[in-house]
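**Q** quick one: sequence plus predicted model below, questions after.
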Amino acid sequence: MVPDLTFGPEWATLELLCIGIDAPDRRARFEELVTSGELHWGELLEQAIRNKMEAMLAYHLLPEHLVGAVPDRIFKHLCGVYDANLYRRKPWYETVHRIVTAFEAKDIPVAGRKQVSFEGSLYGGDGSRRLGDMDLLILPRDMQTATEVLGDLGFEAANYNWTSEELVPIPRRDMMIYRLSPDHLPVMMVKGDRITRFFDVDCASSMTWFKSPYEIPLEEALATVEHRPIPGLDGLSVPVLAPQYEMIGTVMHLFREAWFERWLHMEQDVDLAKFGDVIRLWRSLRGNLDTLKEAIDRYAIRQPVLWVLEHMDRTFHTSTVAELGWQGLVDDSWLSSAHSPSGEPRRWRGTMRQRLQTKDRKALFAEIGGQDA
């Protein structure tokens, strides 16, 4: 799992962090790159920002024998990012806990997704996993009640205005999009402090997307919920799905944001951090692959799951498809496919590594039947 050096040592450094440097060989390679004197730190910082890995990069540069290899101003900037992310943990999880407690008091089944679950379970609560919005999964029948509960907690459907430092109403055009896609509540926000300006919660009632040909019955998934303690925060826990559902939900979320071109225009396209979650989830599931395979086949979602896993194997030298015994079931035409905002099929050029690394992803896309893809 040594990273490809084609795109330079900066990209190789981030790929190592994405894969995880818990193994001695990967840690040694990471330290070799950091201390080589060959890193262009501006490029490394820019790509870390683009791939939501600033806090992770900072955390792994903290050991004393590496600090001297980092330009002082770069190091101090990264430490500031890391400190802010670490500071956020307590109020962030306290807010999640407050929401979950209020939901459960109203008999709303709920599960935390993505960073709500992974920051503690996959990253050990060390501050390296970036904390963004609070992703929660609830049943469609509970969407209206959840809106009311959040309102009682002081949340409102809003965006944050960084100039006025106030919450402002979501534009009417965006609210119409939410109404046309009722599997998500509008983003709900409440103001925070000078470090954490706001807390935002995203409540979804689907593990795929509205009118998706793929669906996982939420009643089955939410029936597996258990509460998991948060490392370093005594008395706090979050409700999480069983491992096979966490894996399926994470893979389907990555597929949605990578396959639908509209996420590219919203700057929410696939990134290293999203693949890093899947890689770590896979390691945690290796002893229970039969349960995962059974669920994937029962819900007829093998096609999008293989789109993600095949790209991951080719990019990061993992072996997930082989371990599942599903080699040769997807071709390059499917792997290069996408879906345009107009509903027309799309294709994109190059490999997933090229897509992740390039700073002009839109140039990789072309209509099928138009330019060569």
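**A** It's in.

**Q** give me the distance between the residue positioned nearest the centre of the chain and Tyr160.
**A** Against the mean C-alpha coordinate of the chain, by C-alpha atoms, centre = their mean, the closest residue is Lys274 at 4.0 Å. Lys274 sits 23 Å away from Tyr160, going by C-beta to C-beta, to the nearest Å. For every residue, glycine as well, the C-beta is placed using N, CA and C.

**Q** now Gly154
**A** Gly154 is 14 Å from Tyr160, by C-beta to C-beta.

**Q** more crowded one of the two?
**A** Per other C-beta atoms under 10 Å, whichever of Gly154 and Tyr160 has more neighbours is Tyr160, with 16 against 12.

**Q** name the element the more buried one belongs to?
**A** Assessed by DSSP states H and E, Tyr160 sits inside strand 156-161.

**Q** now stretch 311-323: buried residues?
**A** 311-313, 315-316, 318, 320-321, 323 (16 or more other C-beta atoms under 10 Å).

**Q** pretty sure Ile248 sits against Tyr299.
**A** Yes: contact criterion C-beta atoms under 8 Å: Ile248 and Tyr299 qualify, at 7.4 Å.

**Q** who touches both of those two?
**A** Ile216 (C-beta atoms under 8 Å, 6 or more residues apart in numbering).

**Q** who has more neighbours, those two?
**A** Ile248 (25 against 19).

**Q** who are the neighbours in contact with that one?
**A** Per C-beta under 8 Å, 6+ apart, neighbours of Ile248: 207, 216, 292, 295-296, 299, 301, 305.

**Q** farthest-separated two in those residues?
**A** Met207 and Leu292 (14.3 Å; C-beta to C-beta).

**Q** thinking again about what came up before, so what does the residue nearest to the centre of the chain look like in phi/psi?
**A** For Lys274, the backbone dihedrals are phi -70, psi -40 (criterion: degrees, to the nearest 10).

**Q** what's the closest non-adjacent residue to it?
**A** Excluding the flanking residues, the one nearest Lys274 by C-beta to C-beta, 6 or more residues apart in numbering is Leu254, at 4.9 Å.

**Q** that neighbour touches Val308, doesn't it?
**A** Yes: using C-beta under 8 Å, Leu254 makes contact with Val308 at a distance of 5.4 Å.

**Q** more neighbours: which of the two?
**A** Val308 (24 against 21).

**Q** my read is Met189 is in a strand, agree?
**A** Yes: the assignment for Met189 (DSSP: H, G, I helix; E, B strand; the rest coil) places it in a strand.

**Q** can you spell out the domain ranges of this protein, please?
**A** For the chain, the structural domains run 88-240, 242-373, going by automatic domain parsing.

**Q** related to what we said a few turns ago, what residues do Leu254 and Val308 have in common as contacts?
**A** Common neighbours of Leu254 and Val308 (C-beta under 8 Å, 6+ apart) are Val278.

**Q** ok, and the helix or strand in this structure with the lowest average confidence?
**A** strand 365-367 (a mean of 70; mean pLDDT, DSSP states H and E).

**Q** alright, that wraps it up for me.
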